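Asks: fold the following for me, if possible:
(4 chains, ligands or ions: 5)
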Amino acid sequence: ANKLIVVITPSHDNPFFATEADAATAKAKALGYDVLSLAHDDDADKQNQEIDTAIARKAAAIILDNAGADVSVAAVAKAKAAGIPSFLIDREINKSGVAVTQIVSNNYQGATLGGQKFAEAMGESGEYAELTGKPSDTNAGVRSKGYHDVLDQFSGLKMVAQQSADWSQTEAYSKMESILQAQPNIKGVIAGNDTMAMGASAALQAAGKKSVIVVGFDGSNDVRDAIEQGKIVATSLQPAFEIAQMAVAEADQFLKTGSTGKPEKQLINCVLITKANADKLNNFTLSP
Amino acid sequence: MKIAQLRGLSLGGGTSLSLPMLLISMRTFIALIVVVLFFSITTPNFLTPSTLIILAKHVAINAFMAIGMTFVILTGGIDLSVGSIVGLAGMVAGGLIDVGIPINALGVTIYPNVVETVAMTLAAGMVIGGLNGVLVTKLNVAPFIATLGTLYIARGAALLISNGQTFANLVGTPAYGNTGFPFLGSGTIFGVPFSILALVVMTAVAGYIATQTSFGRQVYAVGGNENAARLSGVRIARIKIAVYVISGLCAAFAGLVVSSELVASNPASGESFELNAIAATVLGGTSLMGGRGTIGGTVVGAFVIGVLSDGLVMMGVNAFWQMVIKGVVIITAVVLDQVQRKMQRQMALQAQLASA
Amino acid sequence: MKIAQLRGLSLGGGTSLSLPMLLISMRTFIALIVVVLFFSITTPNFLTPSTLIILAKHVAINAFMAIGMTFVILTGGIDLSVGSIVGLAGMVAGGLIDVGIPINALGVTIYPNVVETVAMTLAAGMVIGGLNGVLVTKLNVAPFIATLGTLYIARGAALLISNGQTFANLVGTPAYGNTGFPFLGSGTIFGVPFSILALVVMTAVAGYIATQTSFGRQVYAVGGNENAARLSGVRIARIKIAVYVISGLCAAFAGLVVSSELVASNPASGESFELNAIAATVLGGTSLMGGRGTIGGTVVGAFVIGVLSDGLVMMGVNAFWQMVIKGVVIITAVVLDQVQRKMQRQMALQAQLASA
Amino acid sequence: MQDPIVLRARGIGKVYPGTTALTDADFDVYRGAVNVLVGENGAGKSTLMKILAGAERPSTGTLDLDGTPVSFSSVRQAAEHGISIIFQELNLCPNLSIAENLFIGHPLGLHGLKIDHAEQVRRAGAVLRRLGQSLDPKMLVGDLRIGQQQIVEIAKALVENARILIMDEPTSALSATEVDILFRIVAELKESGVAIIYISHRLEELVRIGDYITVLRDGRIQARAPKADISVPWIIHQMVGPLESALTPTIHHGQSVVLQAEGIALIGPQGSRVVNDVSFTLRAGEVVGFYGLLGAGRSELFECIMGVHPTAKGKITVAGKNLAGLALPDRIRQGVALVPEDRQREGLVQSMSVGANLSLASLWRLTRFSRVSKVLEKASVQRMIRSLWIKVSTPEVEVTALSGGNQQKVVIGKALLTLPKLLLLDEPSRGIDVGAKAEVFRSIRRLADEGLAIAFATSDLKEVLALSDRVLVMTEGRIAGEFTRETMTEEALVAASTPRSHAREAA
Ligand SMILES: Nc1ncnc2c1ncn2[C@@H]1O[C@H](COP(=O)(O)OP(=O)(O)OP(=O)(O)O)[C@@H](O)[C@H]1O
Ligand SMILES: Nc1ncnc2c1ncn2[C@@H]1O[C@H](COP(=O)(O)OP(=O)(O)OP(=O)(O)O)[C@@H](O)[C@H]1O
Ligand SMILES: O[C@@H]1[C@H](O)[C@H](O)CO[C@H]1O
Ligand SMILES: [Mg+2]
Ligand SMILES: [Mg+2]
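Replies: Ligands and ions are numbered 1, 2, ... in the order given. Okay, the predicted model is just below:
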């Protein structure tokens, strides 16, 4: 029987994670592994049980987009103790030396890119709102910090509302509508990820505020289309596809040679997507 | 709405205006007024027409589900599957618009127009509801467990339709003659948003069914004492299946409006909506034991919840506190309900004693 | 477990081994055997000891909650707050270990040892449970709505404790003498994981309470006919408050085990656990109407659910199908239950006829 | 010497929303005596008893036990003072065994830490035998018939060894034999100094066992007297004022056959033949009494005709139409109506108003374009309330607010509103006072004269003799005898109704 690689991602209903899962699966199959692709729905306990399963199935390696920087440490350590190397993607954990590699898109750098584009589009002044991600997801915090490290330098820019929409499109929609009521004259909305950007933009379209600037984060195809239609200004592409495949390749090399030849932490820089390059974007990959 | 509530009221309980029912909805109504006042004082432009319209639109979605839920709870049942049906309905509609119905044999694809799409989606909701009803009646599975099962099944189905993907940009294609879907969510008639009109109509119709038709009367009877109802010639199974079908229909309608607003449908949408729908129903004075409750009360309950969550967002209260406050208000509203009713009864009795 | 289940059984429902009760749990038991067989055939290394131990550990967490839930449901109530209590308990324990109790006045911080931490956490769970009980009895709020309220309150509280952050690396500090917390989740006694032993003990104790103590029988009485119980001198309020406290206690214990396993506590953990706990209880043959059910049945029910989800994950069934299958199995198990009981009764009749 | 009066109630008043149940009532309870309380439905008897037993709190007035003032906030407290009660409406947990029901308030065993199930079963068995029952104490109460449940209710009160024992219509579902046994026990308790408060609508019972009679009327004490000084006519006079002569049944000679039942059979939950090959006919204008002991199968027979049991065998023809395959709702439309035995479990929708209950079975008649016509409904409801003298301020009152007897009238009214050709009444007079009984019987007569065929089940000899044109006696699911007005005598009926098995027990 072939060796088994277990791929665990938060969910399969956010295109971002779906891409991760598909990319990793395809690559692993290509390299001749059996694949078990699981979702933990951002539930640390479920993730822990899935790691148990990987151990029970005597997996050769685990590719993991984890459910929380701290709550995931023990689970990954458990896998290591059971002799199963883990390769983290997208989200990092707050402990080094447990996972073999942590390939994470540079959320901070990506956020600063998005922030600069947002400030520029706003003409460096005006009121704006921020939609942040799941509070329990470190990426949410990192991105918010990245945004503000840029935006707070412009005295003209004033954040008049900040709400978490839990990465959710529906929530972003209704929160956006309510925020618009309290703050009728906001000029822009900066969102922690693309699903929330989509929700916000839908609300703005419905309210006839087509000129309000929206910036997202991820680089999903939905947002790409919205950018081309002028509904959204920009998003920071996390090369999810590339990251996932890198992780599998490194896992393969590690299993064969006992080392990846790379440092544990690998930051992959994000790329800003605007009208200029949107057409080259597909499935979180930017063709040259 | 208020009218609807009052008529719902005046005919609730049993034949007509029974005192306890009146009090119940009055309490919820007071709770509503309290929260509204609070926010109009604390929150800038809360009481503006435009805000209230958005508010009503948000309430509508929950109210659609809660109205269907009310019929189910009146029979002593419960429907946990409505949230999943919202998600499923969105995906059905989204799929029909973006992908259509491929007929592989002929190698062609049929794109139903919006009316057909809506009809098919509502039908899908009614099928799940019918499944619930059959499970509860023919296979006598406890409603809670039957609808818990369909909660998972419908959600899974929603995810499988697109393999988890979102159907984006549901504007349709003029060439296919399937444009116009966004109207449900953002269209207006004489300047009033469609979903608000839909809410008014649905409230009126449901209130009428509950209080004026023999079907409605039998719903109350089944919830009040199933044995007695059966011996009185009520066809229990028929009534129960019907209420679950109604609930599925209402949930599917809510799902249509949600994805029409987003102009996109996401298989995860509607998660845990059932809790809000049930909360609205119970806040509105419907007894989970069955047999007591009014449509009007339910709609008022939905408004209490809606005003609350929107108001807090507008105030900029942080998400964690929002959760705590929501919990406290749900409980307080019901407690107020109880306390006030007790006081009322006491006073009535004192009066009688004095007169006697 | 099985023994416990049988004793729970043999004394459930009425005084002694009453046929229907026996059948009920037998059905679930058969369902369990079926799924186990299925996976041992289809899935590599499913029937290995190590896998089964892991399985039992996963089941334990749900079973802890389900056992508490059983008492609540036996009185005809329901407890939706258990999932949130799991999250809150984790955060309380995590906070006590990582942050301790700062006494600002003296500028010192007290670090309770693990035993004290566990005690305080369980106490916290009991407080929420007590709140549920008081709401249901003293302020007669419907159990569904009261615990829905505390579901939000407890979750909000969990998030506020750390402002949404996770408490990491709960190993304690030797200097503070608060080490040893991970034992609950990963410790073993004579090679058996602590949580599995805890499950065995809790099942036995709960089974004894339900069937041998007057408290237990009064729980059944309240669920069977509350009015009759009151008029027979049963202190309804006392019994009801007690069952919610028990449920809160069990949920808090589950929370401790979860965060001990993760060696970290996350305010979001336990979301929607209540559904699994309720499903387990009902699969185990407990009637949501109250008055009928056994602890043993509940534990079997928890195993059905556990085997199912673990098995499907090991088989690599895609997450969406898992959801559908889970729903189908929950329903099927209960339907089987019904069908088999009917058949059994028929057979009994035939027998009597023959003999007559 | 000791005060002969153990409990004094003074100036007791009780108001319920909409009703004043009791006004300034004084009531004395003598030790070692049977204190009888009589009064029409709704007179306030049960309310007064609930107050003495701690189940209700009085709006005014005081209680005084052995010369010291007391006030009870719960049945439990009253029980601690040695007062226990048999409620008019059964209060049992169907999911528990007989034994557990008897001791649920105070289970036997070490401080409740370990129930002594064996001992509970033993003592339960003992008290059941004392009541002449051979029931297994481990049986679930839910599997018992209403008559058997009432016996459990009595047993429950007996195990408490009260010094004051209240019995609110304990015999309403008991057979003659069981009543005799109960009265023997009452006598024993009396001997041992227990004060008994006894409520019943069977007046002959009262004069038979009563020592002191108190008459309630419209919530006020109407009269008090030691038994020696009074008679049945006196009681009736105090209760309802002068009463016109009792019923005089008119014998009806064969008109068209309404009901033709052939070989009806039903297997009960325990597999016994509850109804065993029963055949008979009912003619228009005829009133046929079904007499029998508890468990004779009358309820099930009626249920078979109504279509409650799909598994029932046999051929049923109503007004020439074969009911085979017709479900209960269709049979109602074919003119069959049943007044069930247990009004709480099968008769009333407690959450609905009097009006809604009355019209519930006739909605199909009152509906126009699937809308319930308020006009038609109001008319029918009002008519029924008037013709049955239902004591209620308006039809909007919730039905639970009515007295036991008035609730029963609502159930009968519901059946009559379906305009039946065939009316089946199962224990129609359970808990109905003489006045109401007379009315009900008179309307039964009237309906018969209008061409209705009527069958009624009862365990009350006087009743069956007074009302029936014909009597069918049932025993163990079979028809054990048929009697005409000429041949029906108390002796004959009792003889026919005694099952062989019972006879053996007795021997
Ligand atoms: N829970 C209640 N709520 C409102 N009214 C009530 C309630 N219980 C009794 N009543 C009213 O109090 C009056 C006395 O009722 P009660 O049951 O004491 O009569 P009763 O003498 O026992 O009659 P019966 O012989 O039919 O049992 C009735 O008019 C009844 O309508
Ligand atoms: N719920 C039940 N469970 C088991 N057996 C029952 C039940 N109800 C009735 N039976 C059986 O059916 C037989 C007839 O009962 P039924 O109630 O018809 O007697 P009845 O003649 O109507 O007496 P009653 O005066 O109590 O109505 C009894 O022998 C009893 O064993
Ligand atoms: O990085 C991922 C993506 O942004 C996703 O959209 C939400 O979860 C974050 O962790
Ligand atoms: Mg009475
Ligand atoms: Mg009977």
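Asks: for residue 12, which non-adjacent residue is spatially closest?
Replies: I'll assume chain A. Leaving aside its sequence neighbours, residue A:12 sits nearest to residue B:164 (C-beta to C-beta, 6 or more residues apart in numbering or on different chains; 4.0 Å). Heads up, the C-betas are built off the backbone N, CA and C, glycines and all.
Asks: let me rephrase: I mean chain D.
Replies: Computed as C-beta to C-beta, 6+ apart, the closest residue to residue D:12 that is not its neighbour in sequence is residue D:61, at 3.7 Å.
Asks: and that neighbour, what pLDDT?
Replies: At residue D:61, the model reports a pLDDT of 94.
Asks: low-confidence stretches in chain D?
Replies: D:1, D:17-19, D:240-254, D:270-271, D:294, D:431-434, D:498-507 (pLDDT under 70).
Asks: on the strand side of things, show who residue D:278 bridges to.
Replies: Here residue D:278 sits in beta bridges with residue D:264, going by DSSP bridges.
Asks: if I look at it, how far off is residue D:469?
Replies: 19 Å (C-beta to C-beta, to the nearest Å).
Asks: chain A: helices as residue ranges?
Replies: Here chain A has its helices, by DSSP state H, at A:15-30, A:44-56, A:73-81, A:107-121, A:138-151, A:169-182, A:194-206, A:221-228, A:240-257, A:275-278.
Asks: if you count surrounding residues, which of residue D:278 and residue D:469 has more?
Replies: Taking other C-beta atoms under 10 Å in any protein chain shown, residue D:278 and residue D:469 do not tie; residue D:278 has more neighbours (23 against 20).
Asks: how about that one, what does it touch?
Replies: D:261, D:263, D:264, D:265, D:297, D:301, D:314, D:474, D:477, D:478, D:479 (C-beta atoms under 8 Å, 6 or more residues apart in numbering or on different chains).
Asks: the fifth one contacts residue D:275, doesn't it?
Replies: Yes: using C-beta atoms under 8 Å, residue D:297 makes contact with residue D:275 at a distance of 4.9 Å.
Asks: now residue A:274, nearest residue through space, not along the chain?
Replies: Closest to residue A:274 by C-beta to C-beta, 6+ apart is residue A:234, at 4.8 Å.
Asks: flag the shaky bits of the chain, pLDDT-wise.
Replies: Assuming you mean chain A. The model of chain A has pLDDT under 70 over residues A:136.
Asks: meant chain B actually
Replies: B:1-27, B:341, B:348, B:352, B:355-356.
Asks: all strands for it, in order.
Replies: Using DSSP state E, the strands of chain B run over B:101-103, B:108-110, B:188-189, B:192-193.
Asks: please state the offset of the third one from the chain centre?
Replies: What that stands for is strand B:188-189. Centroid separation for strand B:188-189 versus its chain: 22 Å, with C-alpha atoms, centre = their mean, to the nearest Å.
Asks: how's chain D carved up into domains?
Replies: Residue ranges for the domains of chain D, per automatic domain parsing: D:5-240, D:257-335+D:420-506, D:349-418.
Asks: with distance to ligand 4 as new columns, can those domains be given to me in TSV?
Replies: Supplementary listing: the domains of chain D in TSV, determined by distance: least, C-beta to the ion, whole Å:
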stretch	distance to ligand 4
domain D:5-240	3
domain D:257-335+D:420-506	7
domain D:349-418	4
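Asks: need those domains in JSON lines with distance to residue C:108, can you?
Replies: Shown next, in JSON lines, are these (distance: least, C-beta to C-beta, whole Å):
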{"stretch": "domain D:5-240", "distance to residue C:108": "43"}
{"stretch": "domain D:257-335+D:420-506", "distance to residue C:108": "70"}
{"stretch": "domain D:349-418", "distance to residue C:108": "60"}
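Asks: and the strands of chain B: which comes nearest residue D:159?
Replies: With C-beta to C-beta as the criterion, residue D:159 lies closest to strand B:192-193 of these, at 67.4 Å.
Asks: just want the residue of the stretch 151-288 of chain A that's nearest chain C.
Replies: Closest residue of the stretch 151-288 of chain A to chain C, C-beta to the nearest C-beta: residue A:164 (8.6 Å).
Asks: please report how far residue D:476 lies from ligand 2.
Replies: Counting by C-beta to the nearest ligand atom, to the nearest Å, the gap between residue D:476 and ligand 2 amounts to 7 Å.
Asks: burial count for that residue?
Replies: Using other C-beta under 10 Å, residue D:476 has 19 neighbouring residues.
Asks: now do residue D:370
Replies: The burial count for residue D:370: 12, using other C-beta under 10 Å.
Asks: one more: the one 5 residues further on?
Replies: Residue neighbour count, defined by other C-beta under 10 Å, stands at 9 for residue D:375.
Asks: correct me, but the residue nearest to residue A:274 touches residue A:272?
Replies: Yes: between residue A:234 and residue A:272 a contact is recorded at 5.9 Å, counting by C-beta under 8 Å.
Asks: between the two, which contacts overlap?
Replies: Contact with both residue A:234 and residue A:272 is made by residues A:114, A:117, according to C-beta under 8 Å, 6+ apart.
Asks: what segments of the stretch 151-300 of chain D are helices?
Replies: In the stretch 151-300 of chain D, the helices defined using DSSP state H, counting those that start in this stretch lie at D:176-191, D:203-209, D:232-240, D:298-306.
Asks: looking at those helices, spot the one closest to residue B:76.
Replies: Among these, helix D:298-306 sits nearest to residue B:76 (C-beta to C-beta), with 23.4 Å.
Asks: any part of the closest one near ligand 2?
Replies: Yes: counting by C-beta under 6 Å from any ligand atom, contacts between helix D:298-306 and ligand 2 involve D:298, D:299, D:300.
Asks: near ligand 1, from those?
Replies: By C-beta under 6 Å from any ligand atom, no member of those lies near ligand 1.
Asks: and which of these is nearest to chain C?
Replies: Chain C has its nearest neighbour among those in residue D:300, at 15.0 Å by C-beta to the nearest C-beta.
Asks: can you pull the contacts of the nearest residue to that closest one once chain neighbours are set aside?
Replies: In this structure, residue D:300 finds its nearest non-sequential neighbour in residue D:274, 4.5 Å apart by C-beta to C-beta, 6+ apart. Residue D:274 makes contacts with D:266, D:267, D:268, D:297, D:300, D:477, as judged by C-beta under 8 Å, 6+ apart.
Asks: before we move on, what about residue B:302?
Replies: Listed by C-beta under 8 Å, 6+ apart, the contact set of residue B:302 reads B:59, B:62, B:63, B:66, B:280, B:284.
Asks: from residue B:202, how far out is it?
Replies: Counting by C-beta to C-beta, the gap from residue B:302 to residue B:202 is 11 Å.
Asks: one more: residue B:136?
Replies: From residue B:136 across to residue B:202, the span is 23 Å (C-beta to C-beta).
Asks: still on that earlier bit, if you compare the helices of chain A, which one is most tucked away?
Replies: Stretch with highest mean neighbour count among these: helix A:194-206 (a mean of 28; mean count of other C-beta atoms under 10 Å in any protein chain shown).
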